[in-house]
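Trainee: just a sequence and a predicted model for now, questions to come.
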Amino acid sequence: GRLAAAVQAMPKTELHVHIEGTLEPGLALQFAARNDVELPWTSLDALSAQYEFTDLQSFLDLYYRLMGTLRHAQDFHDLMLSYLRRAAQDGVRHAEIFFDPQVHLANGIPYDTVLDGLHAGLREGEERYGVSGALILCIVRDLPLQDAERMLDLAVPRADEVLGIGLDSAEVGHPPKLFEHVFERAGDLGWHRVAHAGEEAGIDYMQQALDLLHVERIDHGAHALDDAAMMRRLAEERVPVTRCPLSNIRLHVVKDAEGLRIRDFLDAGVITTVNSDDPAYFGGYLTDNYLALVQAGCTLYDLARLGEMSIQASFLDQGRKAALL
Ligand code: ADE
Ligand code: ZN
């Protein structure tokens, strides 16, 4: 409709999307077939029936299972290209994209294979669709700490091909403070630092991410509203939050779009952005995530401000930001 067209036309970036979370069920079945990977579901109907989630872990179980269909650089290339094509339709001008190399390593896929494929996809996507992109290497927080340190060792020779470090996967019981040294090393590489915090865990995890990991953005931060001091801190220190409406709803972090309380973030002066997280799993890409906010009382003007903030909150240089705004 007209509202969707208006949202698509707004200049914006996407700052919280996992490339593996853009793996559509149909594409996963194609990769499984061409790579001889066995899945418990052989038809699109059978697989598509698996997308009712009760919490973060129930989603992660399927997400990690389907990740096993990615075997070759060409798979990563195809996946990236299909995301960038879809992002371009939604008017995304630039994307800072998470990937989970520790999981691919555990599946026997060398880091170079993953990075080669994703970069080939980024180059072709920028050429074809005009969307620029960069990679944020996510540490999988429920794997052993030594695994994270080893991941960083592997990433050092090609450090300039990565924009930043992130922290994802099962949050509760895996607090940011465990990764202080890993993030310090990432900072020494010149990488930007972000972390998922306050998705299922409380604001103490957000505090740790800020104080110990020195993150420049908080991914999700849905629980910041539990604490007025945290909201003031995010606003004063100008730390953006990357909110993911459909993700929070589908994983029962909030009850409904109202529960996201995006207007309260805006009113508190927090730099707030809208993102799709894992669009192949949560029922919508970026425009759908903006439109979900309309039900919760956001006006078209609010959506345009959120789009502008997504440009401000990106790691683009000032010149490129100005050109997009
Ligand atoms: N990995 C992919 N999506 C995630 C999310 N929403 N939270 C934590 N880890 C993730
Ligand atoms: Zn995420």
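Mentor: Arrived safely, thanks for sending. Ligands and ions are numbered 1, 2, ... in the order given.
Trainee: show me where this protein has its strands.
Mentor: Along the chain, the stretches classed as strands by DSSP state E are 12-18, 92-99, 132-140, 164-168, 192-197, 217-220, 241-243, 272-274.
Trainee: is the third one anywhere near ligand 1?
Mentor: Think strand 132-140. No. Taking CB under 6 Å from any ligand atom as the criterion, strand 132-140 and ligand 1 are apart, separated by no less than 7.2 Å. C-beta: built from backbone N, CA, C; applies to glycine.
Trainee: that strand pairs with which strands, parallel or anti?
Mentor: Its sheet considered, strand 132-140 pairs with strand 92-99 (parallel), strand 164-168 (parallel) by DSSP bridges.
Trainee: for the last one, what is the distance to the chain centroid?
Mentor: Spelled out, it's strand 164-168. Remark: strand 164-168 is offset 9 Å from the chain centroid, using CA atoms, centre = their mean, to the nearest Å.
Trainee: and it, does that touch ligand 1?
Mentor: Yes. Remark: strand 164-168 sits within contact range of ligand 1 at D168, by CB under 6 Å from any ligand atom.
Trainee: circling back: out of the strands paired with strand 132-140, nearest to T299?
Mentor: Of all the strands paired with strand 132-140, strand 92-99 sits nearest to T299, with 21.5 Å by CB to CB.
Trainee: neighbours around Q146, how many?
Mentor: For Q146, the count of nearby residues is 8 (other CB atoms under 10 Å).
Trainee: picking up where we left off before, mean neighbour count and mean pLDDT added to the strands of the chain, as TSV?
Mentor: Output for the strands of the chain, formatted as TSV (neighbours: other CB atoms under 10 Å; pLDDT from 0 to 100):
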stretch	mean neighbour count	mean pLDDT
strand 12-18	27	99
strand 92-99	25	99
strand 132-140	23	98
strand 164-168	26	99
strand 192-197	26	99
strand 217-220	27	98
strand 241-243	26	98
strand 272-274	26	98
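Trainee: can I get these in JSON lines with distance to L152?
Mentor: Listed next are the strands of the chain as JSON lines, based on distance: least, CB to CB, whole Å:
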{"stretch": "strand 12-18", "distance to L152": "19"}
{"stretch": "strand 92-99", "distance to L152": "14"}
{"stretch": "strand 132-140", "distance to L152": "8"}
{"stretch": "strand 164-168", "distance to L152": "8"}
{"stretch": "strand 192-197", "distance to L152": "13"}
{"stretch": "strand 217-220", "distance to L152": "19"}
{"stretch": "strand 241-243", "distance to L152": "23"}
{"stretch": "strand 272-274", "distance to L152": "27"}
